[in-house]
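**Q** My questions concern the predicted model and sequence given below.
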Amino acid sequence: MKDKVKFYYSLATFINYGVISIVTTFYVPYLNQVVGLSLSEVSKVVSIGALFAIISQQFLVGKFSASENKKKFIIVHLCGLIFMIVFLMFLNRSSIYFFAVLYGMIIQTVGTIYEVYVEELCVKQRMEYSQIRKWGSIGFGCIVLLSGSIISRYGFKMVHLLGIIMISIVIIIIIIKFRNIESKDKNKTIRLSDILKNKNSIILGFTSILIIGVYNAIEFAYSTYLIEITGSTALANSIYSKSIFARVFVEFISFILVGRFLNGKSPKKYLIIAFLIGAMRILLFSTGYIPLIVLGDQLHGLMYACYLTFLFKYIREVVNDELVASTYAFVTVLGSAGANFVYPQMFSIIQGRFGYTTMYFVGFSIILICSLIACKILPNKSI
């Protein structure tokens, strides 16, 4: 029975992250190539989405945590994702900023809410979450690869139709095979003020924007960096796509190994190790030597599997149960959407004045120094 439950959790996660890959990986190319936005207009649209993701994610996760029917909540949210994909198919310049607001509120929050839901299901079923989440990595990578081929042959709308079909399958699986989780405290909605009053949540958020934020934000330059090094857009794109595809499988294997051999280990210790692996990845990027850059990119799979597995475990150690979901949302939004307001412009200026090598070395230095500081400031187990 448990194996069947695990299968359906894994299948839904595989498909769900495949859909997320469609609506995120191909978002900027779609805006640029189909809607006809310039790169400066695209940056404005992306910034608006990030802003509303910051504003709405904490609110939505708080509502989700207090929901009497979390299964219904996630189904409604996924139905909203279907609406957004349809909207995307008919998007034009006149509606682009309204879409950007909804993109931040719905699309950029769906992954976090799904993760919170499935992780809690795994805890209830006494399953290792990493053994479910690894299939999300494979789903993301496989659908990105498939979608690239579909776009080149049939265009973006065919990929969007595929996304609608896939997310409909996820909803059906959740309705039939997923359990409902009732909130322990049905009348209490966790607010941002509750998170800001918790010292451990604040320290985690501060650490996330300094380390994970830099790590995520500096990713924007990878493809253009390869173009500059190789001098060929075609060759750079080939290296880029193969590198991304390979690191997905490294991530998959890493989730398996972390779940099997590091179960019960200190979450704080392995969070720090994940940060240091991330620093090493950025250091290898700074070499300007393609084999080392590609090798460094593969470290992302190891870093992310270690980070995500132990982040949930660590949060459960240092905050009360009712704050776990909202703290996770707070930490992840600061490390992703929040970082998009802080770092890209800074790194662009460094790159423009001093080049890619200096930019990546600055990123490495920030992550390394902040990781060493995190060893001291991250709280020990307190719950």
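**A** Thanks, I have it. Numbering: from 1, shown residues only.
**Q** what's the helix or strand bottoming out on mean pLDDT in the chain in contact with?
**A** Least confident helix or strand, the chain: helix 192-196 with a mean of 73, by mean pLDDT, DSSP states H and E. With CB atoms under 8 Å, 6 or more residues apart in numbering as the test, helix 192-196 has contacts from Q58, F59, G62, S201, I202, G205, L323, S326, T327, F330. In this view, the C-beta of every residue, glycine as well, is placed from N, C-alpha and C.
**Q** The fourth one: how many residues sit nearby?
**A** The reference is to S201. By other CB atoms under 10 Å, the residues close to S201 number 22.
**Q** That one sits in which helix or strand?
**A** Using DSSP states H and E, S201 sits within helix 199-207.
**Q** Pull that helix out as PDB, backbone CA atoms only.
**A** The C-alpha trace of helix 199-207 is given here as PDB (Å, rounded to 0.1, in the frame of the first residue of the first chain):
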ATOM      1  CA  LYS A 199      14.300  35.000  15.700                       C
ATOM      2  CA  ASN A 200      15.200  31.700  14.100                       C
ATOM      3  CA  SER A 201      13.000  32.400  11.000                       C
ATOM      4  CA  ILE A 202      14.700  35.800  10.700                       C
ATOM      5  CA  ILE A 203      18.200  34.300  10.800                       C
ATOM      6  CA  LEU A 204      17.200  31.700   8.200                       C
ATOM      7  CA  GLY A 205      15.800  34.400   5.900                       C
ATOM      8  CA  PHE A 206      18.900  36.600   6.400                       C
ATOM      9  CA  THR A 207      21.100  33.600   5.500                       C
END
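**Q** which of the residues in that helix are buried?
**A** The neighbour-count check on helix 199-207 (16 or more other CB atoms under 10 Å) flags N200, S201, L204, G205, F206, T207 as buried.
**Q** want to try CSV for the residues you listed, with distance to I273 and pLDDT as columns?
**A** Shown next, in CSV, are those (distance: CB to CB, whole Å; pLDDT from 0 to 100):
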residue, distance to I273, pLDDT
N200, 20, 88
S201, 22, 87
L204, 16, 88
G205, 20, 87
F206, 19, 87
T207, 14, 90
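**Q** could the residues you listed go into TSV alongside distance to G301?
**A** Converted to TSV, those look like this (distance: CB to CB, whole Å):
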residue	distance to G301
N200	28
S201	28
L204	23
G205	25
F206	26
T207	22
